[in-house]
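> Generate a structure from the sequence data that follows.
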Amino acid sequence: MFGVKGDDIVLKMPVGTIISDAETGEVLHELLQPGEQVTIAKGGDGGFGNMHYKSSTNRAPRQKTPGWPGEKRSLKLELKVLADVGLLGMPNAGKSTLIAAISNARPKIADYPFTTLHPNLGVVRVGPEKSFVVADVPGLIEGASEGAGLGHQFLRHLQRTRLLLHMLDVAPFDEGVDPVAQAKAIVAELKKFDQKLHEKPRWLVLNKLDMVPAEEREARVKDIVKRLKYKGPVFEISALTREGCELLVQKVYQHIAQVHQSQQAPVEVDPRFTQTP
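You can find the predicted model right below:
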């Protein structure tokens, strides 16, 4: 009788949620802005009841009009975090230590693999009104794209990032572990999972240099870069002592700012208000 005054059913979802039709796979909407609202299923039309026809001469009406049912949908909700930078690497590469060193995030840090079980987001503040968001996801292992380890569950969170920082442990504790072979395996997993993710800008970050004697650092870095045949930016850091972190943060922010500026849509000008010399 009073359905028109009924309250909407509002489902609160985190920013970054992708809403898809579970049956067709069609993407209905992506929530990218805080406070954004979208109608997923419209309510039904209740029609007119007998009260609508009540009058001074028809005090007990028996007329009515049929209503229409509301929309029904089966939905699939998928969350992809909104981060500018994604940390990529094997378990124990030092990703959690780095995000704790450069941002406000405080992830669990331990000396055993797979300490990170879910994505961690941190805001890196470079200066007044200058910041970017970095995402730390569980470490990857070979076979992740087929379901090995934990990282395959969270690779999608890297799809929205503008830059990947590929972290390598240059001083692994286990003998016989080759950082170069690990790096190549991760790159292969990215390609298997998503070609576009594989093609994203990816910088090499060589971590744990504090564990390498000073006289050996240069030779070890050159050997890793040469064997990887890597041509992009290379950063030598120690996330534990924060050596080299400030330079990395500054360069990352410059890159993010340039990408953001280039992706901004040009302003359309009404030709009626343009002036010619």
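> What is the end-to-end distance of stretch 44-55?
In stretch 44-55, first residue to last residue: 26 Å (CA to CA, to the nearest Å).
> now the strands: where do they sit in the stretch 101-250 of the chain?
Assigned by DSSP state E, counting those that start in this stretch, the stretch 101-250 of the chain shows strands spanning 120-127, 130-136, 163-169, 202-207, 234-236.
> Let's have the ones you listed in TSV, adding mean neighbour count, distance to Gln250 and mean pLDDT.
All C-beta atoms are positioned from the backbone trio N, CA, C, and that covers glycine. Below are those laid out as TSV (neighbours: other CB atoms under 10 Å; distance: least, CB to CB, whole Å; pLDDT from 0 to 100):
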stretch	mean neighbour count	distance to Gln250	mean pLDDT
strand 120-127	18	7	85
strand 130-136	21	10	87
strand 163-169	23	13	91
strand 202-207	23	13	93
strand 234-236	17	11	93
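> Can you add distance to Ile99 and give those strands back as TSV?
Below are these laid out as TSV (distance: least, CB to CB, whole Å):
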stretch	distance to Ile99
strand 120-127	5
strand 130-136	4
strand 163-169	10
strand 202-207	12
strand 234-236	15
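> Buried residues in stretch 6-24, which are they?
Buried residues in stretch 6-24, defined by neighbour count with 16 or more other CB atoms under 10 Å: Gly16, Thr17, Ile18, Ile19, Ser20.
> which one of those residues is nearest Leu31?
Leu31 lies nearest to Thr17 out of these, by CB to CB, at 4.7 Å.
> Quick check: the residue lying closest to the closest one once chain neighbours are set aside vs Ile9, distance?
The shortest distance from Thr17 to any non-neighbouring residue, by CB to CB, 6 or more residues apart in numbering, is to Leu31 (4.7 Å). Distance, Leu31 to Ile9, using CB to CB, to the nearest Å: 17 Å.
> same question, Ser238
Per CB to CB, Ser238 is found 52 Å from Ile9.
> now the angle between strand 202-207 and the host helix or strand of Leu88, please.
Secondary-structure assignment from DSSP states H and E places Leu88 in strand 85-89. Counting by axes from the mean of the first three to the mean of the last three CA atoms, to 10 degrees, strand 85-89 lies at 60 degrees to strand 202-207.
> Show me what strand 85-89 packs onto, helices and strands only.
Strand 85-89 sits against helix 95-102, strand 130-136, strand 163-169, helix 179-193, with contacts defined as 3 or more CB pairs under 8 Å, 6 or more residues apart in numbering; DSSP states H and E.
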